[in-house]
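coords below, sequence missing:
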């Protein structure tokens, strides 16, 4: 069964600093991996996804993530944090164990705070 | 192109009542799934519908049910509401194939009192 672990429920960075949000996955088959962002009182917005094309995936708002099979990781990074990046970030893996499905398994989320 | 639309956005129900939430997927999307988000349990998959058939189901009691119509619109119903059902209910839609981008709506905030 697929699963996702997000290390660090809260991360705080200074404006302009590097953002690094960690995600490790467990999957018995090649995974489809996603990062979503959730702003207060809103739904989930897709930042980027990995579906076995390029291992370095570029997303919206300057975010990118690198798929590392050897480390079973899919960490999210952004070179320079902006105040508007403050939100909760979720890593997710597509559950591919039960046939055709679009079921996502989410991590517990990382709340990113950006200090001025 | 309109996104995933959920109604109502906010509602308050009394314990023991039932509630129906509605979701209109992005045009052309035939897969619709539902998630429950709570502070304690996080984001949990409820069920997925494709072509009016439930394709996958999460680990929730039978009080939680759903359906999909021929136009891909979906509804979910929760009967005999409990205080613990208070949550943000998110609907998501996607194209048919696995690995396609899954788009979420803004959610329906349910408070059970």
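Great, that's in hand. From a predicted model like this one, the values you see are computed outputs, not experimental measurements. Numbers count the residues shown, from 1 in each chain, chains lettered A, B, ... in the order given.

hmm, stretch A:46-53 touching chain B?
Yes - legend: contact between stretch A:46-53 and chain B by Cβ under 8 Å from any Cβ of the partner chain is shown at A:46, A:49, A:51. Where you see a C-beta, it was placed from the backbone N, CA and C, and this is true even at glycine.

partners of the second one in the sheet?
When bridges are taken as DSSP bridges, the partners of residue A:49 come out as residue A:34.

what's near enough to touch residue A:61?
Contacts for residue A:61 (Cβ atoms under 8 Å, 6 or more residues apart in numbering or on different chains) come out as A:47, A:78, A:85.

Specify which member of the residues of stretch A:46-53 next to chain B is nearest to residue B:7.
residue A:46 (21.9 Å; Cβ to Cβ).

By neighbour count, which of the contacts of residue A:61 wins?
Taking other Cβ atoms under 10 Å in any protein chain shown as the neighbour criterion, residue A:47 ranks highest of these with 23 neighbours.

which ones are touching it?
Listed by Cβ under 8 Å, 6+ apart, the contact set of residue A:47 reads A:35-37, A:59-61, A:63, A:76, A:89.

Check residue A:92 too.
Taking Cβ under 8 Å, 6+ apart as the criterion, residue A:92 is in contact with A:4, A:33-36, A:104-107, B:43.

Correct me if wrong: residue B:95 contacts residue B:29.
Yes - under the criterion of Cβ atoms under 8 Å, residue B:95 makes contact with residue B:29 at 5.9 Å.

Tell me which of these two has more neighbours.
residue B:29 (21 against 17).

Now do the more buried one against residue B:86, distance only.
28 Å (Cβ to Cβ, to the nearest Å).

just residue B:62 next, same as before
Separation of residue B:62 from residue B:86 (Cβ to Cβ): 19 Å.

Mind checking which of these two has more residues around it?
Neighbour totals were compared for residue B:62 and residue B:86, and residue B:86 leads with 16 against 6 (other Cβ under 10 Å).

What residues of the lowest-mean-pLDDT helix or strand in chain B count as buried?
Here the helix or strand of chain B ranked lowest by mean pLDDT, DSSP states H and E is strand B:53-57, holding a mean of 90. Neighbour counts over strand B:53-57 (16 or more other Cβ atoms under 10 Å in any protein chain shown) mark B:55-56 as buried.

does that strand come close to chain A?
Yes - against chain A, strand B:53-57 shows contacts by Cβ under 8 Å from any Cβ at B:55-56.

Against which helices or strands is that strand packed?
When contacts are defined as 3 or more Cβ pairs under 8 Å, 6 or more residues apart in numbering or on different chains; DSSP states H and E, strand B:53-57 packs onto strand B:42-50.
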